[in-house]
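Enquirer: A predicted structure for the sequence below; I have some questions about it.
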Amino acid sequence: MKIFLSLRVSGILLLAAGGALFAPVLAAQSTSKTDQSNAASCNRACLEGMIDKYLNAMVAHDPSKAPLSPTIKFAQDNIPLKIGDAEWATATGLGKYIHYFADPDRGDVGSISVVYENGVGTIFILRLKVEDQLITEAEQFVAHDPHGAAAYEKLGKPDPGWLTTIPPDRRQTREALEETAYMYYEGLQKNDGRGIYAFTPDCNRIEDAARTTNQPRPQNYGHSDTDISDFTMLGCKAQYELGFLGFTTGCRNRRFLVVDTERGAVLASAYLDFDGTVTEVHLTDGRIWKVPPYFMVPRTNQSNEAYRIENGSIRLIEMTMYEVPFNAVPAFDKP
């Protein structure tokens, strides 16, 4: 397991892995011959076009409409399948919301979008690997959440902050972006309010398209009902400092599906485990929160999240989450 330490110097987060420090900005990235070949063959527009071709082929139930490799590896919700199975057989339309993530150097591209399945909205997370103009890997996750899909459709498009290009001299390395995302998960797992939480002061998070930070008044949050309804009034850092998320007993198989250095974005995937052993959480403000029955039995949630990272701190979070079998594992070891 990776262990990261962190220091903040002049507003820049430095992370240490096994004693080595990484500076997240102003650092050049090396690219292998394979990376250079991918960059030359499929730029950002090309990669986003691959997402569009894949989704349109899926809705048409016609694999020939997408440039799929004859040896493509395909999985949905952590289960290896054949193209034509699962959502390929049931998708009936595409929504208007779509958020792209692209890494031309490595031929990685992903999206969060709305896909209709037999007329019912789903939140659809997709990762593709593109090599020599062919899709060689396709990994997709489907949150059957029509309310969340409708909320995404109401949003219509991603927050403009996601799409702003970071000037080349201020971009972080791929490794630095991954390390910041890793530290987010470290703060979430067994959250006690005493960790190092790298969020900007104006950080905001949406979960299934609903904003869950900096709300003007108390709102229900997940399974917390009204007991901790003021949680959604806090900012990202203050929420972590409260220690409310301590019932999350594990955060494993942390995978960084697409690292978009141009936009400072990471599309990530992990499993959040709730093993049922935490029955109450002692908040840092002195309150004691009785954990609801949902978390009293072993459960695992599939968490797919995107982060917009600036100077080593997270500014925007776009999260989707749904339950999967307890202790599930991914179909792909590495993206």
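Expert: Structure received.
Enquirer: can you pull out the helices in the stretch 151-300 of the chain?
Expert: 160-163, 174-188, 236-242 (DSSP state H, counting those that start in this stretch).
Enquirer: Output these in a markdown table; the columns should cover distance to residue 312, mean neighbour count and mean pLDDT.
Expert: Every C-beta, even on glycine, is put in place using the N, C-alpha and C of the backbone. Below are those laid out as a markdown table (distance: least, CB to CB, whole Å; neighbours: other CB atoms under 10 Å; pLDDT from 0 to 100):
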| stretch | distance to residue 312 | mean neighbour count | mean pLDDT |
| --- | --- | --- | --- |
| helix 160-163 | 17 | 14 | 97 |
| helix 174-188 | 6 | 22 | 96 |
| helix 236-242 | 14 | 22 | 96 |
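Enquirer: want to throw those helices into CSV with distance to residue 136?
Expert: Formatted as CSV, the helices of the stretch 151-300 of the chain follow (distance: least, CB to CB, whole Å):
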stretch, distance to residue 136
helix 160-163, 27
helix 174-188, 20
helix 236-242, 36
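Enquirer: Might you list the low-confidence residue ranges for the stretch 201-335 of the chain?
Expert: For the stretch 201-335 of the chain, residues meeting the criterion pLDDT under 70 lie at 222-226, 335.
Enquirer: All the strands of it, residue numbers only.
Expert: Secondary structure of the stretch 201-335 of the chain by DSSP state E, counting those that start in this stretch: the strands cover 210-211, 250-260, 265-274, 280-282, 288-290, 299-310, 313-324.
Enquirer: Out of the ones you listed, which gets nearest to residue 119?
Expert: Among these, strand 313-324 comes nearest to residue 119, with 19.5 Å by CB to CB.
Enquirer: Just the buried positions in the closest one, please.
Expert: 313, 314, 315, 316, 317, 318, 319, 320, 321, 322, 324 (16 or more other CB atoms under 10 Å).
Enquirer: So in terms of bridging, what pairs with the last one?
Expert: Here residue 324 sits in beta bridges with residue 300, going by DSSP bridges.
Enquirer: quick revisit: with the buried residues of strand 313-324 in mind, which one is nearest to residue 298?
Expert: For these, the nearest to residue 298 is residue 324 (12.1 Å; CB to CB).
Enquirer: quick one: that closest one and residue 253, what's the gap?
Expert: To residue 253, residue 324 is 11 Å away according to CB to CB, to the nearest Å.
Enquirer: Could you do residue 263 as well?
Expert: 25 Å.
Enquirer: between those two, who's got more neighbours?
Expert: The neighbour count for residue 263 versus residue 253, taken as other CB atoms under 10 Å, is higher for residue 263 (19 against 14).
Enquirer: Can you read off the backbone torsions of the more buried one?
Expert: phi -110, psi 0 (degrees, to the nearest 10).
Enquirer: coming back round to it: figure out which of the helices of the stretch 151-300 of the chain is closest to residue 104.
Expert: helix 174-188 (12.0 Å).
Enquirer: Mind splitting this structure into its structural domains?
Expert: Annotated domains of the chain cover 4-28+165-324, 35-157 [automatic domain parsing].
Enquirer: want to throw the ones you listed into TSV with distance to residue 334?
Expert: TSV is the format used below for those (distance: least, CB to CB, whole Å):
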stretch	distance to residue 334
domain 4-28+165-324	7
domain 35-157	10
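Enquirer: so which of those gets nearest residue 332?
Expert: Per CB to CB, nearest to residue 332 of the domains of the chain: domain 35-157, 5.7 Å.
Enquirer: Next, the buried residues of the longest helix seen in the chain.
Expert: Identified as the longest helix of the chain according to DSSP state H is helix 44-60. For helix 44-60, a neighbour-count test (16+ other CB under 10 Å) marks 44, 46, 47, 48, 50, 51, 53, 54, 55, 57, 58, 59 as buried.
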